[in-house]
Structures are given as C-alpha cells and as structure tokens.
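1. this one's sequence-less:
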C-alpha cells in the first residue's frame, strides 16, 4: 500500500474538516486518492472524472466489472437479455486480418459534448459540472431519443416495473438509464464499483481519477502513454479512454 | 305548556337532523393512523411538513441530482430512514404499504405518490433504533 500525497494536495476546495481521505491503492502504479467533497458543496468543473481502461490487462473471460455494476446498482434481470438493463458490457473485438482478439468493458463514455444531452427534449439528460453524464429520471419522459443518439449504445430503458431498488440508485419503469460512474460513490470519495471489482480481482485494467488533475495517476498515464477514445472521429472528448484498441 | 314541549321536541329533531351528516361523514373516513417515526422530531415542524413535505423534497431532489449536494436534511432517503416501520426481526415494512407512514395519509387524501416507482421504500442498512 502506498499513498500519493500529490493527489491529495491538489483539490484545495476539498480541504474542509469534513473531508475524508479515501486512499485505495491496489498495486504499484495504480492508485486513486480521492477526497470526499463535503455534502454541502456543489460539484464544480475543477474536476473531470474519467476512466482509463487498459485492454491488455482486461481478460476476455472476466466479467467482474459488469457483475459489480449490476450488483451495485440493483440491475435485476427479467431473463430477457434483449431488453434487460445493462449499464456496462464486455465487448469482444477481433481483428480479421490477424485474428488478434481483445475484450473491453463499454458503457457510458461520459462525453464532454454528449449527443444524448443534445437531443433530450426535456433536459433530463444532462452533464454534471464534473463531467458525469446522468439522466434526471424525475423529468425523463421515456422518449428514448438519447438511446438513438448515443454512438456507444450505452443506455438502457426501464421496460418493466421495478422493485427492491437500491436507495442510492433509484430506477423506474418508463425512464432511460445508464452508467452513472457510480456518482453516489464518487461523491463520497469512493471508486466506482467496476473499478473496485477489477482491482480486487487483480487485473488492474481500470483506473478512475480526475482528468483535470495533472498529478492524478490517470492524467499522468494519459500524458505519457498512447490512449484512444472510442469513435474518436466524433470529437466528443469522452471521459472514458482505452489503451490497446 | 304543551306548546312549549312541542317546540322543544321540534328543535331537538332539527338539531339531530342537522348534526347527523357531519357525524356519519367523520365515521366513514377515519383520520389516518400511522406508525411513529424514530428519533425525537422531524427536521421541520410537523404541521409544516404535513402541508409542504412535497416541496421540500422536490427542492432537495434537484440540488442532489444536478449539483451533487448530498446533505442528509430534506433527503428522501432520510425520511424513509426514520419513517419505515421496523418489524421485530429487524426488517422494514415499505413506507408505501397500506397503513404505513406515506401511504396512510396519501390514501386519505386520495393522492398517489410517484416517488416509489423509482425510489427504495425501505432503508438499506439497519440503523440503530433510537429510543
């Protein structure tokens, strides 16, 4: 275990007495030290949360991240895979010429210029100041324009009545939903469930952190190593980045 | 003498006739009784909350959703934390079950609360029961 004090010093606005340090270090080179924002403080654009996924470390037969996502957010199955909610899914790619295969988790890419937000007729799809793209289900009318607009097929629709929701992850019939980057955890200074599961399983394929903090592990990796956005040509500036695709 | 008695009888009959509808009305729809919440008192005065709770939680919902402000006060999660009745085995009765805190008054007022189409109706973990 090791701490990166540089990460801690960065966010001055977090330096309140109530802020707690949650340092999660699973392996050398992979660490996140996030400070929990005080509950009274509104999010601001000093941070932008993002993910870096290293496909070389992502195992084809591992589904720890997707299972953790469904468990955390209470995504129960109705045994109808075509319409069951899935916020994070494993995508298998194969290069036809060489036969090289790789596997990567794909969910909401938390775009800086999200097409889902552009098309939403009610303002339910929105981007929080810290870059997390969410659906305000209170005003979502279930029209599903956002699902059509999303280039990553990242959103699901609640087709059926739901029961036993998690208190921190409200979900209901007739509204669109997607990866929230585990916003309830992020606001408490914790890692998203998928990242935690990936680290726990020892794959270390996912890094979560603040893209705007030059001292964060994710920003350092992005600065030093080649990474890609999925469908980069769309110029959406996604918050989720990939290595080895 | 008999005239006076007749007047009294007529007055009593009129009084009974006028009073009856009010009495039967009160009996048909009894004022709801619901389980007491845990803790000493609500975050606001009971009379205020009875009339304005919907505005309070709607205001808070936008702050939490849009700005990430997650204070406990005025949070629906906290409402449920105090007002969900606990069974002897420690499990909770959903707040929207018949006769429970939310449902009892909403049935009485004939209003359907939409909160619980999405929101959990019981607290997640078992908090310590306050006396």
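-> Cool, the structure landed. All values derive from a computational prediction rather than experimental measurement.
2. in chain B, where is pLDDT below threshold?
-> B:1-2, B:10-27, B:125-131 (pLDDT under 70).
3. now the closest residue to chain A within chain B: closest residue in space, sequence neighbours ignored.
-> When scored by CB to the nearest CB, chain B has residue B:118 as its residue closest to chain A, at 3.4 Å. All C-beta atoms are positioned from the backbone trio N, CA, C, and that covers glycine. In this structure, residue B:118 finds its nearest non-sequential neighbour in residue A:172, 3.4 Å apart by CB to CB, 6 or more residues apart in numbering or on different chains.
4. the one you found reaches residue A:162, doesn't it?
-> Yes. Applying CB atoms under 8 Å, one finds residue A:172 in contact with residue A:162, separated by 5.8 Å.
5. mutual contacts of these two, please.
-> Common neighbours of residue A:172 and residue A:162, counting by CB atoms under 8 Å, 6 or more residues apart in numbering or on different chains, are B:117-118.
6. my read: the residue of chain B closest to chain A touches residue A:169, true?
-> No. The criterion here is CB under 8 Å, and residue B:118 misses it with residue A:169 at 9.4 Å.
7. can you give me the distance of residue A:77 to residue B:56?
-> 36 Å (CB to CB, to the nearest Å).
8. so between those two, which is more surrounded?
-> Counted by other CB atoms under 10 Å in any protein chain shown, residue A:77 and residue B:56 do not tie: residue B:56 has more neighbours, with 18 against 10.
9. assumed the more buried one was part of a strand.
-> No. Counting by DSSP: H, G, I helix; E, B strand; the rest coil, residue B:56 falls outside a strand, being helix.
10. contact partners for it?
-> B:44, B:49, B:74.
11. how about 6 Å then?
-> residue B:74 (CB atoms under 6 Å, 6 or more residues apart in numbering or on different chains).
12. again with residue B:105
-> residue B:32.
13. and it, helix, strand or coil?
-> Criterion first, three-state DSSP; result for residue B:105: helix.
14. where does the nearest residue to residue A:116 once chain neighbours are set aside sit: helix, strand or coil?
-> Distances taken as CB to CB, 6+ apart put residue A:146 closest to residue A:116, at 3.6 Å, once the chain neighbours are dropped. Secondary structure of residue A:146, reduced to three states by three-state DSSP: helix.
15. in stretch A:129-139, what's buried?
-> A:130-138 (16 or more other CB atoms under 10 Å in any protein chain shown).
16. distance from it to the middle of the chain?
-> 13 Å (CA atoms, centre = their mean, to the nearest Å).
17. can you give me the end-to-end span of it?
-> Terminal residues of stretch A:129-139 are spaced 19 Å apart (CA to CA, to the nearest Å).
18. likewise stretch A:132-148?
-> 20 Å.
19. outside of that stretch, which residues touch it?
-> A:49, A:108, A:110, A:114, A:116, A:119-120, A:122, A:124-125, A:127, A:155, A:157, A:174-177, A:180-181, A:183, B:65, B:118.
20. could you pull up the contacting residues of the closest residue to residue A:44 other than its chain neighbours?
-> Counting by CB to CB, 6+ apart, residue A:44 lies nearest to residue A:129, which is 5.2 Å off, once chain neighbours are set aside. Applying CB under 6 Å, 6+ apart, one finds that residue A:129 lies in contact with A:43-45.
21. which stretches in chain B count as helices?
-> Ranges of helices in chain B, per DSSP state H, are B:2-28, B:46-67, B:76-83, B:101-109.
22. anything in the shortest one near chain A?
-> It refers to helix B:76-83. Yes. Legend: contact between helix B:76-83 and chain A by CB under 6 Å from any CB of the partner chain is shown at residue B:77.
23. who touches that helix?
-> Residues outside helix B:76-83 that contact it (CB under 6 Å, 6+ apart) are A:167, B:37-39, B:57, B:72, B:95, B:101, B:123.
24. next, the nearest residue to residue A:158 once chain neighbours are set aside: phi, psi?
-> Among residues not flanking residue A:158 along the chain, residue A:173 sits closest, at 4.8 Å (CB to CB, 6+ apart). When quoted as degrees, to the nearest 10, the phi and psi of residue A:173 stand at phi -60, psi 140.
25. please verify my assumption that residue A:173 contacts residue A:163.
-> No. Using CB atoms under 6 Å, residue A:173 is not in contact with residue A:163; the gap is 10.4 Å.
26. let me see the contact set for residue B:96.
-> Here residue B:96 is in contact with B:102-103, B:116, B:121 (criterion: CB under 6 Å, 6+ apart).
27. let's go with 8 Å and repeat that
-> B:102-103, B:113, B:116, B:121.
28. ok, now residue A:69?
-> Residue A:69 neighbours (CB under 8 Å, 6+ apart): A:75, A:87-88, A:107, A:179, A:193-194.
29. which stretches of chain A form helices?
-> Here chain A has its helices, by DSSP H, at A:5-10, A:64-73, A:115-119, A:145-149, A:183-186, A:193-200, A:217-224.
30. the nearest residue to residue A:84 once chain neighbours are set aside and chain B, how far apart?
-> Distances taken as CB to CB, 6+ apart place residue A:77 nearest to residue A:84, at 4.9 Å, with adjacent residues excluded. Per CB to the nearest CB, to the nearest Å, residue A:77 is found 18 Å from chain B.
31. how near is residue A:77 to residue A:193?
-> Residue A:77 is 17 Å from residue A:193, by CB to CB.
32. before we move on, the earlier item: the buried residues of stretch A:129-139 in strands, which ones?
-> A:133-135 (DSSP state E).
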